[in-house]
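[1] Give me coordinates for this.
(chains A and B)
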Amino acid sequence: MTGMLPPGFRIQRETNTEEFFINMGPQHPSTHGALRLALRMDGETIVELVPHFGYIHRGMEKQAESMSYLQYIALSDRQDYLTAIQNNLGVVIALEKGMNIGVPEKAEYIRVMLQELGRIASHLVFFACFGGDLGGQTCLLYGFKEREMIHDILEEVTGSRLTTNFFRPGGSRYDVPDTFIPRVKAFLDHMDDTMKDYERFLSKNIIVLERSKGIGILSKEDAIAYGCSGPVLRASGVNFDVRRANPYSIYDSFDFEVPVTYNGDCYDRYTVRIAEIHESMKILRQCIDRFPTEGPWRAKEKPVRLPVGRYYSEIETAKGLYATYVVAATTGEKPYRIHTRGPSFPHIAALNKMVQGHKISDLVTILATLDPVIPEIDR
Amino acid sequence: MQESSSFIPYIKRYLKRCITGPWSLLCGLSVTFKYFIDPRRIVTEQYPENRKTLKMHPRYRGRLEMIEDADGNNHCTACGMCERACPNASINVLSTKNIAGKKVLGRYVYHFASCTQCGLCVEACPFGAIRMNQDFEVATTDPNTLEMILNKKEGQG
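    Numbers count the residues shown, from 1 in each chain, chains lettered A, B, ... in the order given. Sure, this is the predicted structure:
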C-alpha cells in the first residue's frame, strides 16, 4: 500500500493494515457547509478522498430560465454569499455586453470600491476560519470583528449586509451616501493597525507554521490542469489575475500588484490572501483620492432586454474566477440559459491530489486554506 | 515537510524552533492581552439593552409596507408591476372595480414568509407606492401573522 503513496507524507508504515472508510461531513464544523468527504484511510493516513456534493442543490441555473435578468441578479447573491457583491458585478457585466450600454465614471468607481471591500471581507473570513479550524478560537472572533465594519458600510450603501443585490446594468441601484468615503477612509486607517496585529498574531505562530508549511502541496501543473483560480492558483506560482490579465471595469487604471508565491502549500495560500488584503487596501486608497464627486452614477435607465446572442463575462472574486455565460434565444426579459462558472468547485476537485498521504488533521487545514463556499458549488 | 537525510541539520532546526516557537506564541498572546485590557477595542453591542437607540440605516430593507397618508390613501393603481418583479411570488395584487368602472386596488396581499427582501418590487413600482421599512425584529410565533394585507382602505382612487 505504501508504495502507492506520493512523496511528502511523513511516517511510512512498515506493516500493511486493512483499509477502512470514514465519512467526514455532511455536518462537520470544518467543512464550511454541507459537504461530504468520503475518505479511504490507511491507519491515520488518507489514501483517497472522494467529495460528494449536492446536499443544498437549489437548481439555480434551471431557476434562472424562468426568471427575468433582474431577478437573476438577486439570485446570484445566494451563490457565494461571502462575495455576493462581486457575483452581482459578474452577472451585470454580462448583461451590459448584451444591452450594449456604457457605465459612467462615478459608477465604475463605486463598483471598484465595493468590489475591493467585498474582497477584504471574504479574505477576513478566510483568516478567521483558518485560525478557527486550527484551534484558535480567538482568531475566529478577530476576523469577524473587522468584517463587521465592512458590512456596516455595505448596509448603509446597499441596504443589506450580505445579500446586496446592488449593481444594475449601467451603474448601480443607488448613489453612494455622503458618508461613504469618510467611512471607508476610517476603515482603512483602522485596518492598517489591525493587520499588523493580525499578522503578528498568526503569521509567525509556530503552531500555524508546523501545521501548514509543506502540507497540501498543489503543483503548478496540477493547479492549471484542475482549473484552479484565484489565490489557490497564485499560491502555486501562476501569475494569473483576471483584473490584470483581462481587465474589466476600470481595474487597468490602478496601480496594484498580484501577489504570487511558489510553494503551493497551505502556508502560501494563507500569505497570498493576506497580501491581497494589503493590495485591496492600496486600490481603495487610490479610489478615495480619485473619487469623482460630480457626475451621473447611472447610465440612462433602460428596461433590461437582451437581443438574441451569447454573452460572457469573467471577473475575479475573492475566491477566484467567476464567469457568467448568458444565452438569449429570444429578445426579451428572460434568458434561455444562464451558466455560472464558480471558483470553488475546481478547488474541491483538486482536493484529492492535495490530501493523499497526509493525516486526517491535515485535511482540516487544507480544506480551510481552499476557502470553499458550498452553496456556490451546489448552486 | 521535507525529510532531511542527515541528522545534524534536523537537530539544529529542532533546537532553533524550541526557542522561536515559544517566542512566537508569546507574540500572539501579547496581541490577545492588548485586546483584553484596551477598552477602545470593545466592539460588543449590548443588544436587547440598546434597543431604544438602535436604528437601522434608511436604506435598510426590512418588511414591505405601503406609503399611506393619515387618511389611509395610497398611490397604488394595482398595475401589478411589483407582482411581476417579485422573484418568489410573495406579492398578490388583487384589483377590483370602483363605481365608475375603473380598475383600483382591492387588496395588496403580502406573504412575508417567502419574501427575501431583495427590494425589486420597490424598484419596479412606477408610482412610489411601496417602500421597505426599518423593522429588523420580525420573528414571530404565529405563522398567520406573516400573511398580511398592506393597504388599509379598499377600492379607493
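
[2] How about the residues of chain B by chain A?
    B:1-3, B:17, B:20-22, B:24-25, B:27-28, B:30-32, B:34-35, B:43, B:56-57, B:59-61, B:85, B:87, B:116-120, B:123, B:132 (Cβ under 8 Å from any Cβ of the partner chain). The way it works is simple: take the backbone N, C-alpha and C, and place the C-beta from them, glycine included.

[3] Can you select the buried ones among those residues for me in PyMOL?
    In PyMOL syntax, the buried subset of these is picked out as below (16 or more other Cβ atoms under 10 Å in any protein chain shown):
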select buried, chain B and resi 21+24+28+31+35+59+60+61+85+87+116+117+118+119+120+132
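
[4] Mind checking which of the residues of chain B next to chain A land in helices?
    Counting by DSSP state H, the residues of chain B next to chain A place B:17, B:20-22, B:24-25, B:27-28, B:30-32, B:34-35, B:85, B:120, B:123 in helices.

[5] what comes into contact with stretch A:22-34?
    Stretch A:22-34 is touched from outside by A:35-39, A:41, A:52, A:55-56, A:129, A:133, A:360, A:363-364, A:367-368, A:372-375, A:378, with contacts defined as Cβ atoms under 8 Å, 6 or more residues apart in numbering or on different chains.

[6] rerun that using 7 Å as the cut-off
    Here stretch A:22-34 makes contact (Cβ atoms under 7 Å, 6 or more residues apart in numbering or on different chains) with A:35-39, A:41, A:55-56, A:129, A:133, A:364, A:367-368, A:372-375.

[7] What pLDDT does the model give the residue lying closest to B:Asn151 once chain neighbours are set aside?
    The spatial neighbour of B:Asn151 that comes closest, neighbours along the chain excluded (Cβ to Cβ, 6 or more residues apart in numbering or on different chains), is B:Tyr108 at 4.7 Å. Note for B:Tyr108: predicted pLDDT of 85.

[8] Confirm B:Tyr108 sits in a strand?
    Yes - using DSSP: H, G, I helix; E, B strand; the rest coil, the assignment for B:Tyr108 is a strand.

[9] Quick check: it vs A:Gly136, distance?
    51 Å (Cβ to Cβ, to the nearest Å).

[10] who touches A:Glu148 in this structure?
    Contacts of A:Glu148 by Cβ under 7 Å, 6+ apart are B:Val43.

[11] in whichever strand or helix holds it, what's buried?
    Element membership for A:Glu148 (DSSP states H and E) is helix A:137-158. Going by neighbour count (16+ other Cβ under 10 Å), the buried part of helix A:137-158 is A:138-140, A:142-147, A:149-151, A:153-158.

[12] which bits of the stretch 1-150 of chain A sit near chain B?
    Contact residues, the stretch 1-150 of chain A versus chain B (Cβ under 7 Å from any Cβ of the partner chain): A:10, A:67, A:70-71, A:74-75, A:138, A:145, A:148.

[13] which one of those sits closest to A:Ala235?
    Closest approach to A:Ala235 among the residues of the stretch 1-150 of chain A next to chain B (Cβ to Cβ): A:Arg10, at 21.2 Å.

[14] so what pLDDT did the closest one get?
    For A:Arg10, the predicted pLDDT is 51.

[15] How about the residue nearest to B:Asn151: which residues does it bridge to?
    On the basis of DSSP bridges, B:Tyr108 is bridged to B:Val93.

[16] In terms of neighbours, single out the busier of B:Tyr108 and A:Gly136.
    Set B:Tyr108 next to A:Gly136 and count neighbours by other Cβ atoms under 10 Å in any protein chain shown: B:Tyr108 wins out with 24 against 20.

[17] In contact with the more buried one, which residues are there?
    B:66, B:76, B:93, B:149-151.
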